[in-house]
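The following block contains a protein sequence and its predicted model.
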Amino acid sequence: MTANAPVIIKLLASSVSVAARAGKIVRDVMSKGELGIVEKGKDDYQTEADRSAQRCIIASLSAQFPKLNIIGEEDSLDNEADISSDWIVAEKDQEIMSLECPQNLNSIKEEDIVVWVDPLDGTSEYTQGFLEHVTVLIGISVNERPVAGVIHQPYYKTTVGGEKKIGRTIWGLQEVGVGGFTPAPPPDSLIITTTRSHSNPTVEKALQAMNASQILRVGGAGYKVLQLLEGVASVYVFASSGCKKWDTCAPEAILNAAGGKLTDILGNFYKYGASESRPNKTGVLAAVNSELHNQALSKIPQELQDKLSNK
C-alpha cells in the first residue's frame, strides 16, 4: 500500500513528520539560548533555528524525493552542511498514507512538484519571545497552484489524557479537507488579523477601510491563517509587499482545503511555479469563505489597489 501510494500522498505524509521534527529543532535552539541572529535586511532576521530547521526539511524530503524542486526561504544556505543524522526523517504519517488521493493529483510526478519551505515563519516574534506566533510551513504546489500544505506550531500546548503535549501539526489537501484540528466558524463581527511588525501607511489605510470591530496584530502568515481557521478572526488583510511565496503557499493550500480563499489585495491568485518571483508584491487578502473574501475585497479603496498594482 505504502509503496504504491501516489507521490502527493507520500510527500504530504512525509512533510507532516518532517515539520514536527523541524519544530523540535526550533524549540531546541531556543532552549539553548544561542539564537545566532543575522540581520538579512530591515526587520528581516535569520536565526540558527531558521538555518537548522531548513536543513532538516530539505535533507529529509530530498532523500525520499530526489526529483522535487524545493525552494526554501534561507536560499543562501549550504543545505548539505552540518546535517545531524537525527535530523533526517524517513517516517510518513500513517493517517495521511491512508487517504484517497484526488483523481487529478493521482499521477503527478516528483518533477511536476514545487515545494515552498519557510522553516520558521515569524522569526521576528521568535527572537522577541512571542512563541505562539511561530510556525513551520511546507507548501506543495502543482501547475503553479498550492494543492497541499503543512503548518506546524512548535509551541502549541495541549493536554491529552492528563498528559501535557507541545507542538501541533495541521495539514490540508485539495478536495480532501484538513486534519490535525477541526475548523471553527468565523466570528459574528468583522475581526481582522494583520501584521504585527511590518506595518506602513498603506497597510493602515486598508485596515481603516475595513471598518472592523477589532484588529489583531500578530506575527507570521501561518499563524494569521490559523486564526481564520480557528474562528478567532474573519479576514486576513495585508496591503503591502512584505510576504513571500514560502509564507503563503502552505497556508493557502490548507485554507483552500477548508473552503477558504487567499489572494492578493487585488483579488488575484498567486502562482507558485519555480520560476515565479519570490515576493508577493501585491499583498495578501484571505478569509475562510468566498463571501467574506468578496466583502473584504470590495472595501479595499481603488487608490490602494492602484498603488500596489503599480509597484
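Arrived safely, thanks for sending.

Could you check the strand or helix carrying Lys224 and say which residues are buried?
If you go by DSSP states H and E, Lys224 is part of helix 221-229. For helix 221-229, a neighbour-count test (16 or more other C-beta atoms under 10 Å) marks 221-229 as buried. All C-beta atoms are positioned from the backbone trio N, CA, C, and that covers glycine.

strands paired with the strand or helix carrying Val178, and their directions?
For Val178, the host element (DSSP H and E) is strand 177-179. Note on strand 177-179: by DSSP bridges, its sheet partners are strand 163-173 (antiparallel).

any idea of the mean pLDDT for the strand it pairs with?
Taken as a whole, strand 163-173 has an average pLDDT of 95.

And the strands in this structure, which stretches?
38-41, 44-46, 69-72, 113-121, 135-142, 145-160, 163-173, 177-179, 191-195, 214-218, 235-238, 261-263, 284-287 (DSSP state E).

Out of these, which gets nearest to Ala63?
Closest of the strands of the chain to Ala63 is strand 69-72, at 11.5 Å (criterion: C-beta to C-beta).

List the contacts of that closest one.
54, 57-58, 61-62, 79, 111, 113-119, 245-246, 274, 278 (C-beta atoms under 8 Å, 6 or more residues apart in numbering).

chain center to it, what's the gap?
14 Å (C-alpha atoms, centre = their mean, to the nearest Å).

Use 30 as the first number for this chain going forward.
In the new numbering, first residue 30, that becomes strand 98-101.

Work out the sheet partners of it and label each with its direction, please.
strand 142-150 (parallel).

what pairs with Val313 across the strands?
Beta-bridge pairing for Val313 (DSSP bridges): Phe267.

Do me a favour and average the pLDDT over stretch 138-157.
In this model, stretch 138-157 has a mean pLDDT of 93.

any idea how far that stretch is from the chain center?
7 Å.

buried sites along it?
By neighbour count on 16+ other C-beta under 10 Å, the buried set for stretch 138-157 is 141-155.

how about the CA coordinates for that stretch, as PDB?
The C-alpha coordinates for stretch 138-157 follow below in PDB (Å, rounded to 0.1, in the frame of the first residue of the first chain):
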ATOM      1  CA  LYS A 138       5.300  13.000 -10.700                       C
ATOM      2  CA  GLU A 139       8.000  14.400  -8.400                       C
ATOM      3  CA  GLU A 140       9.400  16.600 -11.100                       C
ATOM      4  CA  ASP A 141       6.000  18.300 -11.500                       C
ATOM      5  CA  ILE A 142       6.000  19.500  -7.900                       C
ATOM      6  CA  VAL A 143       7.400  22.600  -6.300                       C
ATOM      7  CA  VAL A 144       7.700  22.600  -2.500                       C
ATOM      8  CA  TRP A 145       7.900  26.000  -0.800                       C
ATOM      9  CA  VAL A 146       9.500  25.900   2.700                       C
ATOM     10  CA  ASP A 147       9.500  28.500   5.500                       C
ATOM     11  CA  PRO A 148      11.400  26.800   8.200                       C
ATOM     12  CA  LEU A 149      10.500  29.400  10.800                       C
ATOM     13  CA  ASP A 150       7.600  31.700  10.000                       C
ATOM     14  CA  GLY A 151       7.600  34.600  12.500                       C
ATOM     15  CA  THR A 152      11.300  34.900  13.100                       C
ATOM     16  CA  SER A 153      11.000  38.400  14.500                       C
ATOM     17  CA  GLU A 154       8.400  37.100  17.000                       C
ATOM     18  CA  TYR A 155      10.600  34.200  17.800                       C
ATOM     19  CA  THR A 156      13.500  36.500  18.700                       C
ATOM     20  CA  GLN A 157      11.200  38.600  20.900                       C
END
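
Need the contact partners of the strand holding Val207.
124-125, 199-201, 258, 283, 286-287.

what comes up buried for that strand?
Neighbour-count burial for strand 206-208 [16+ other C-beta under 10 Å]: 207-208.

Need the mean per-residue confidence for it.
For strand 206-208, the per-residue pLDDT averages 97.

Next, report how far it is displaced from the centre of its chain.
15 Å.
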